[in-house]
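# Build me a structure from this.
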Amino acid sequence: MKKHVLLLAAFAALFVNFISCSNDDPKTSQVEVRLVDAPGDYDAVNVDIQDVMINRNDGDNGWQSIGNVTPNVYNLLELIGGIDALLVDSEVPSGKISQIRLVLGDNNSVVVNGETFPLATPSAQQSGLKLNVHQDLVGGVKYTFILDFMVDKSIVVEGNGDYSLKPTIRVITEATSGAISGMVNPFDYQVEVSAVTGAEEPIVTLTNEEGKFMLHGVPAGTYSVTFTPDEASGLSPKTVEGVVSVLGENTNMGTVELE
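Numbering: from 1, shown residues only. From the prediction side, this is the model:
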């Protein structure tokens with residue numbers, strides 16, 4: 001009996017987690033982390049990035065991996081002139097995050113005058129490079145964190161000729177979209193909700209069982225939002241003009257009445 005109770009509890013936890021990450025739930029935000037470089041006087045600077053984590057508080061107990069990270073070695077000196085490296089693009093629970101951490105592997109090196117030297121990273125490998133961000137993530141909004149790796153200030157030549165990495169990284173936070181949410185009435189039938197501006201492709205979602213909807217990742221602009229009920233409902237489509245999406249904000253349309 002105890003085993004069955006534990007299995008049911010585990011299933012319930014998975015079900016709740018699935019619901020919280022659905023497209024109709026406004027309590028998640030899309031986060032991407034990109035790496036760029038301020039140039040340095042080296043042939044190459046290779047950094048082995050294994051994971052990207054976020055912290056919900058200022059202590060050491062709130063760290064969690066963003067997930068969806070492919071470990072890779074990046075030559076920082078290639079990330080200039082508009083070129084960047086996408087480290088992660090994933091959905092995370094909304095709310096405040098205080099820090100981002102890069103976890104490094106062992107394969108770090110610097111190339112000077114054609115010769116490759118190991119790049120020591122004694123603290124970064126164990127605990128990661130901790131970067132303060134202090135950002136409130138709004139549900140349905142996409143955020144980009146740009147990590148500007150300042151190579152000239154980050155590489156130290158030791159007295160014995162060895163090279164160490166003591167990173168200086170500038171963090172730039174961009175809210176790259178907004179969101180549009182609300183609910184429809186009546187909600188006995190599912191309704192397709194689409195937002196369009198100009199000649200752009202529409203952004204589309206469906207209402208949930210409570211009639212609620214959220215259009216995620218909506219670029220800033222003014223939209224026509226169209227509600228198309230299931231044909232079996234007998235309700236007519238309705239379009240609301242002039243709905244404004246603002247970067248970093250959730251535009252709540254309230255309740256839209258269908259007839």
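# which residues in the stretch 101-250 of the chain form helices?
In the stretch 101-250 of the chain, the helices defined using DSSP state H, counting those that start in this stretch lie at 124-127, 151-154.
# which one of those helices has the lowest average pLDDT?
When mean pLDDT is averaged over each of those, helix 124-127 scores lowest at a mean of 60.
# so is I80 in a helix, a strand, or just coil?
Look at I80: counting by DSSP: H, G, I helix; E, B strand; the rest coil, its state is coil.
# gap between it and V111?
For I80, the distance to V111 equals 16 Å [Cβ to Cβ, to the nearest Å]. C-beta coordinates here come from the backbone N, C-alpha and C atoms, glycine included.
# Give me the more crowded residue out of the two.
Each of I80 and V111 has its neighbours counted (other Cβ atoms under 10 Å); V111 has more, 16 against 13.
# List the residues that contact the spatially most central residue of the chain.
Among the residues of the chain, the one closest to the centroid is V31, at 0.5 Å (Cα atoms, centre = their mean). Counting by Cβ atoms under 8 Å, 6 or more residues apart in numbering, V31 touches 54, 66, 88-92, 137, 142-145.
# Quick check, pLDDT for it.
93.
# From M253, how far out is it?
V31 sits 25 Å away from M253, going by Cβ to Cβ.
# Please apply the same query to A44.
Taken as Cβ to Cβ, the span from A44 to M253 is 51 Å.
# Which secondary structure elements does the one helix or strand Q50 maps to sit against?
For Q50, the host element (DSSP states H and E) is strand 44-55. Under the contact criterion of 3 or more Cβ pairs under 8 Å, 6 or more residues apart in numbering; DSSP states H and E, strand 44-55 touches strand 28-38, strand 63-65, strand 72-75, strand 85-93, strand 95-104, strand 109-112, strand 115-120.
# of all these, which lies closest to V225?
Closest approach to V225 among the helices and strands packed on strand 44-55 (Cβ to Cβ): strand 28-38, 20.2 Å.
# how about the CA coordinates for the closest one, as PDB?
The C-alpha trace of strand 28-38 is given here as PDB (Å, rounded to 0.1, in the frame of the first residue of the first chain):
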ATOM      1  CA  THR A  28       6.700  30.500 -17.000                       C
ATOM      2  CA  SER A  29       9.200  32.700 -18.900                       C
ATOM      3  CA  GLN A  30      11.500  32.000 -21.900                       C
ATOM      4  CA  VAL A  31      15.100  32.600 -21.100                       C
ATOM      5  CA  GLU A  32      18.000  32.600 -23.500                       C
ATOM      6  CA  VAL A  33      21.700  33.200 -22.500                       C
ATOM      7  CA  ARG A  34      24.100  34.400 -25.200                       C
ATOM      8  CA  LEU A  35      27.900  34.900 -25.000                       C
ATOM      9  CA  VAL A  36      29.800  37.700 -26.700                       C
ATOM     10  CA  ASP A  37      33.300  39.000 -26.400                       C
ATOM     11  CA  ALA A  38      35.200  42.200 -25.900                       C
END
